[in-house]
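Trainee: Sequence and predicted structure below; questions after.
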Amino acid sequence: MLLEIIKELKTPPEERKSVPENQVRGWMASEDTDTMGATYVFLSKPQHVNRVSSPLSFDPVFDFMLRYYEFCLKTDPESKWANSSYSAGSDLVGWFVSMWDEKRDKKYFEAIKSRLAQLYIDGSPELKECIEHGVIEHLFERKAIRQFFSDWRDNPDLRPAFDEGMLWVEGGGASPLTERRKVRK
């Protein structure tokens, strides 16, 4: 499966053909680290995802992305294709902000927040630190997103992450991760 994806990623633009939806769904179902990483690369690039015949609906792609980010955050894989925990955190921030700017349904943000909360509560000290510094601090650069996470302030298990995010913002922390992007049509 990995070799199929790599072949599709490396095909020159003038030679690219459509990719059957069921094939991409098969890639998305994989539990293999490198296959998940290569699938993520494929789904993250419009020039590839637009080639899927019978376009993928948003929900299965969302589910894959959330599962992929969770996997990377938890395992910090050493892989040629999959993100490390911190690079996955950065990408998750960009993904969240992009969907926020697109004004996606609140259920998607609730799903991400819930997954981050569970990862944080159940996580090792290293995972907690990654979520604080790689995700929450940067999401909190946006006031509206900070407000969306305000319930974490009242949860003793999540309060440390909330406080770290606030320290970052109050200290003037800023990054290009949360800059406004062009809304895709």
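Mentor: Perfect, thanks for sending it.
Trainee: Can you name the residues in contact with the least confident helix or strand in the chain by mean pLDDT?
Mentor: Sorting the helices and strands of the chain by mean pLDDT, DSSP states H and E puts helix 46-49 at the bottom, at a mean of 92. Helix 46-49 is contacted from outside by Glu8, Leu9, Pro13, Arg16, Val19, Val41, Phe42, Leu43, Leu56, Val61, Arg184, using Cβ atoms under 8 Å, 6 or more residues apart in numbering. The C-beta positions use only the backbone N, C-alpha and C, and glycine is treated the same way.
Trainee: Okay, and which of those map to strands?
Mentor: For the contacts of helix 46-49, the ones inside strands are Val19, with DSSP state E as the criterion.
Trainee: Which ChimeraX command selects the buried ones in the contacts of helix 46-49?
Mentor: Buried subset of the contacts of helix 46-49, written as a ChimeraX selection, criterion 16 or more other Cβ atoms under 10 Å:
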select :8,19,41,42,43,61
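Trainee: Of the contacts of helix 46-49, which is the nearest to Ala161?
Mentor: Val61 (26.7 Å; Cβ to Cβ).
Trainee: which residue ranges form the strands in the chain?
Mentor: Going by DSSP E, the chain shows strands at 19-20, 52-53.
Trainee: tell me how far the first one is from the chain's mean position?
Mentor: So the one you mean is strand 19-20. Here the centre of strand 19-20 is set off from its chain's centre by 23 Å, with Cα atoms, centre = their mean, to the nearest Å.
Trainee: packing partners for that strand?
Mentor: When contacts are defined as 3 or more Cβ pairs under 8 Å, 6 or more residues apart in numbering; DSSP states H and E, strand 19-20 packs onto strand 52-53.
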